[in-house]
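Asks: no FASTA, just this:
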C-alpha cells in the first residue's frame, strides 16, 4: 500500500470511528427527549445498527485476516477485538429489538442505546491495530 493510500485509510478509519461515537451518543441522549420523534429515533437506530454490524463484520472477516497474514504477531490482539465485536453484536440485537412505537418505550430504547454507546466508546478508546509496523489509535 502506498503512503498516500495508507494516510487515506487511516483518515477514513478515524472519520468512521468518530461517526460511531457521535451517533451512539446522539441516540442514547435523544431517546428520552419527548421533542424527538419516535420515528426519527427508529430511523437512527436502524441506520446505526446496520452500519456498526457492517463495519465490524468487515473488520472481522476481511481486514483482520489480511493484517494477521502480514503480521502474525497481531493475531491475538485481533482476536480480542473480534470478541469485543461479539459483545457488541449482542447489544445491537437488544437495541434492534427495543420497541419504539410509543412514548412509554423510550426508557427501554434509551437503556439499549446506552449499552451500545458504552461498548462502542470503550472499544474505540482502547483499540490499537498494527498497520504497516506501527500502532494506530483511532481518534
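Replies: Structure's in. What do you need? Keep in mind that this is a model prediction, so the values were computed, not measured.
Asks: Okay, now the unreliable bits of the protein?
Replies: Flagging of the chain using pLDDT under 70 yields the residue ranges 1-2, 128-139.
Asks: Okay, helices next: where are they in this structure?
Replies: Counting by DSSP state H, the chain has helices at residues 3-30, 38-58, 64-70, 75-97, 106-126.
Asks: Can you give me the buried ones in the shortest one?
Replies: Using 16 or more other CB atoms under 10 Å as the burial criterion, the residues of helix 64-70 that qualify are 64, 67, 68. No exception for glycine: its C-beta is placed from N, CA and C like everyone else's.
Asks: Over to stretch 31-38?
Replies: 31, 36, 38.
Asks: What of stretch 36-47?
Replies: 36, 38, 41, 42, 44, 45.
Asks: now stretch 75-91
Replies: So for stretch 75-91, counting by 16+ other CB under 10 Å, buried means 77, 78, 81, 84, 85, 88, 91.
Asks: Spit out the contact partners of the closest residue to the fourth one other than its chain neighbours.
Replies: In this structure, residue 84 finds its nearest non-sequential neighbour in residue 123, 5.0 Å apart by CB to CB, 6 or more residues apart in numbering. Taking CB atoms under 8 Å, 6 or more residues apart in numbering, we find residue 123 in contact with 81, 84, 88.
Asks: And those, which is closest to residue 12?
Replies: Relative to residue 12, the closest of the contacts of residue 123 is residue 81; by CB to CB it sits at 17.8 Å.
Asks: how many neighbours does the closest residue in space to that closest one that isn't next to it in sequence have?
Replies: Spatially, and ignoring its direct neighbours in sequence, residue 81 is nearest to residue 127 (6.5 Å; CB to CB, 6+ apart). Counted by other CB atoms under 10 Å, the residues lying close to residue 127 total 15.
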